[in-house]
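[1] Model the structure of this input:
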Amino acid sequence: MDWQSRKISAILEHALLEDKATSDTTSRACIDPQQRATATILTKQDCILAGVGVIARILEIYERLDRNVVGHPEVISHGEIFDGVRMNRGQTIAVVRHNARVLLSCERVILNVLQRLSGIATFTRKFVDAVQGTNVRILDTRKTVPGFRILDKYAVRCGGGHNHRLDLSEGILIKNNHIAIAGGVAAALKKAQLGRRGEQPLEIEVRNFGELEEALANGAEAILLDNMTMENARAAVERIRTHPRRIPIEVSGGVKLENVRGYAETGADYISVGALTHSPQAADLSMRMGPA
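    Here you go, the predicted structure:
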């Protein structure tokens, strides 16, 4: 991840502005402007780390927003601590030495980002571990926090998952509402084949065997089995595999940790899980401070 990129910088700057970090009345009221402090960021649970680069970047952006900052940050992290690594409860992520007011003002934003990204990575790794030994890849979806998608999807990769479309411009995915408005599976596929640009990938969602047969008969290039039972998904995969062309198969809808292994064993290529980014539990992290 390029933490210096314009897009990432804008997201982190917005988070600081939202919290009015440069107008921290509590820290200004009771902390000397020259005071330095040491902050230790710790894990309070076993987790997969994601977002360690935001620590230094948030402090840098804060300095740009508040020209009166005294001193510069020193972020110390062990070489074995990096995004995607498995952390144990009580382990130190990083130690930061900096102006005390700045550390106090940035504490919540740093933790909010780290906790969310590490929570997504940890949740994703559970799904990846659950399908280990199969050929299935775990995919995310566009069910992300508005404005935070690039970070949410990065966290999925840290957890061992793979990204589906970043946005609506990346490939054609014909879903049930497109089918309903376009006039059916065949009509939607025909219009998409004529209307796509260049080599954009084209995938269509099917919910039953009637739609599946229609999709196969009308040039479907990739098929998403939506909200099918495990038994139906297995039968659908078997049917698709009889097609003379190799058609990538994705399963989506109703997939949980408890059943993801079963869906993986249907023979599908991909399983997309919206919960990775719309319902992760934030990792339990903390920042402990003291005078430097």
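[2] show me where the protein has helices.
    6-18, 25-30, 54-65, 100-130, 149-158, 176-182, 185-195, 209-217, 230-241, 260-264, 275-278 (DSSP state H).
[3] hang on, Cys106 packs against Tyr62?
    Yes. At 5.4 Å, Cys106 and Tyr62 qualify as touching, with contact defined as C-beta atoms under 8 Å. The way it works is simple: take the backbone N, C-alpha and C, and place the C-beta from them, glycine included.
[4] Find residues that contact each of those two.
    Jointly contacting Cys106 and Tyr62 under the rule C-beta atoms under 8 Å, 6 or more residues apart in numbering are 16, 21.
[5] Pipe the helices of the chain into JSON lines and attach distance to His72, mean pLDDT and mean neighbour count per row.
    Listed next are the helices of the chain as JSON lines, based on distance: least, C-beta to C-beta, whole Å; pLDDT from 0 to 100; neighbours: other C-beta atoms under 10 Å:
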{"stretch": "helix 6-18", "distance to His72": "17", "mean pLDDT": "98", "mean neighbour count": "16"}
{"stretch": "helix 25-30", "distance to His72": "18", "mean pLDDT": "96", "mean neighbour count": "11"}
{"stretch": "helix 54-65", "distance to His72": "7", "mean pLDDT": "96", "mean neighbour count": "20"}
{"stretch": "helix 100-130", "distance to His72": "10", "mean pLDDT": "98", "mean neighbour count": "23"}
{"stretch": "helix 149-158", "distance to His72": "25", "mean pLDDT": "98", "mean neighbour count": "23"}
{"stretch": "helix 176-182", "distance to His72": "52", "mean pLDDT": "97", "mean neighbour count": "14"}
{"stretch": "helix 185-195", "distance to His72": "53", "mean pLDDT": "96", "mean neighbour count": "17"}
{"stretch": "helix 209-217", "distance to His72": "58", "mean pLDDT": "98", "mean neighbour count": "17"}
{"stretch": "helix 230-241", "distance to His72": "55", "mean pLDDT": "98", "mean neighbour count": "17"}
{"stretch": "helix 260-264", "distance to His72": "46", "mean pLDDT": "98", "mean neighbour count": "21"}
{"stretch": "helix 275-278", "distance to His72": "34", "mean pLDDT": "97", "mean neighbour count": "21"}
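[6] possible to save those as CSV with distance to Lys143?
    Formatted as CSV, the helices of the chain follow (distance: least, C-beta to C-beta, whole Å):
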stretch, distance to Lys143
helix 6-18, 18
helix 25-30, 36
helix 54-65, 22
helix 100-130, 12
helix 149-158, 9
helix 176-182, 16
helix 185-195, 22
helix 209-217, 23
helix 230-241, 20
helix 260-264, 17
helix 275-278, 4
